[in-house]
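Got a predicted structure here, sequence first:
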Amino acid sequence: MRPGVKLFVGNVPEEATSEELTELFAGAAGPVLGVALMKQFAFVHLRDEAAAARAIAQLNGHQLHGRRVVVEPSRPRPTHTCKIFVGNVSAACTSGELRTLFQQYGPVVECDVVKDYAFVHMENEADAKVAIENLNGKEVKGRRVNVELSTNVQKKGAGLNPQVGMVLTAVYLTYQITVV
């Protein structure tokens with residue numbers, strides 16, 4: 001078993017650096033064992049549960065380069081969830097608010113807001129379809145959201161052909177398996 005506790009940090013601004021996150025988390029929770037920074041999220045490894053609890057309490061919702069970061073325990077995503085794409089999300093909408101909205105239709109496993117879109121993972125497809133029916137086109141925080149089942153391949157005109165999108169998805173999934 002790997003020592004330490006892994007935290008997920010979401011809504012990370014593109015200009016943030018690993019060094020900056022290390023300094024931020026060290027100031028709130030003590031020694032940082034490591035930081036894995038991706039494009040708009042990161043994983044921060046802390047020494048123990050007490051340090052993780054301090055980091056969550058002090059840094060969840062913290063403003064970093066004008067964006068509120070999400071700090072929560074890192075949990076592996078169940079393998080059989082239904083992924084929903086939510087487009088046109090207001091900057092004022094938090095992942096917690098979006099999660100609450102979708103939970104009206106069934107259990108939400110994960111909810112991540114990324115700039116002006118989000119991904120919501122629901123436990124089962126039937127609940128996801130009901131959520132999509134009820135929420136697509138609904139006004140949320142002043143913006144009409146687009147809600148649909150997520151596809152892992154790039155849409156036509158996005159600059160990549162579907163085979164490249166599938167390869168990128170496979171690379172990402174392989175990365176997720178090795179990180180967890």
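Received, thanks. Bear in mind the structure is a predicted one, so any value in this text is a computation, not a measurement. Numbers count the residues shown, from 1 in each chain.

Name all residues that make contact with the residue nearest the centre of the chain.
Nearest to the mean C-alpha position of the chain, by C-alpha atoms, centre = their mean, lies Asp112 at 3.2 Å. Contact analysis of Asp112 by C-beta atoms under 8 Å, 6 or more residues apart in numbering lists 10, 41, 70, 95, 118-119. All C-beta atoms are positioned from the backbone trio N, CA, C, and that covers glycine.

Quick check: Thr17 vs Leu24, distance?
10 Å (C-beta to C-beta, to the nearest Å).

I'd like to know how many residues surround Ala131.
A count of nearby residues for Ala131, using other C-beta atoms under 10 Å, gives 23.

average pLDDT across stretch 65-74?
In this model, stretch 65-74 has an average pLDDT of 91.

how about the CA coordinates for that stretch, as CSV?
C-alpha atoms of stretch 65-74 as CSV (Å, rounded to 0.1, in the frame of the first residue of the first chain):
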residue,chain,number,x,y,z
HIS,A,65,-6.1,32.7,-10.2
GLY,A,66,-9.8,33.8,-10.0
ARG,A,67,-11.2,30.2,-9.9
ARG,A,68,-12.7,28.3,-7.0
VAL,A,69,-10.9,25.0,-6.7
VAL,A,70,-12.6,21.8,-5.5
VAL,A,71,-10.7,19.8,-2.9
GLU,A,72,-12.0,16.4,-2.0
PRO,A,73,-10.8,12.9,-1.2
SER,A,74,-9.8,11.0,-4.4
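
buried residues in it?
For stretch 65-74, the neighbour count (16 or more other C-beta atoms under 10 Å) marks 67, 69-71 as buried.

What of stretch 89-101?
Applying 16+ other C-beta under 10 Å to stretch 89-101 flags 89-90, 93-95, 98-99, 101 as buried.
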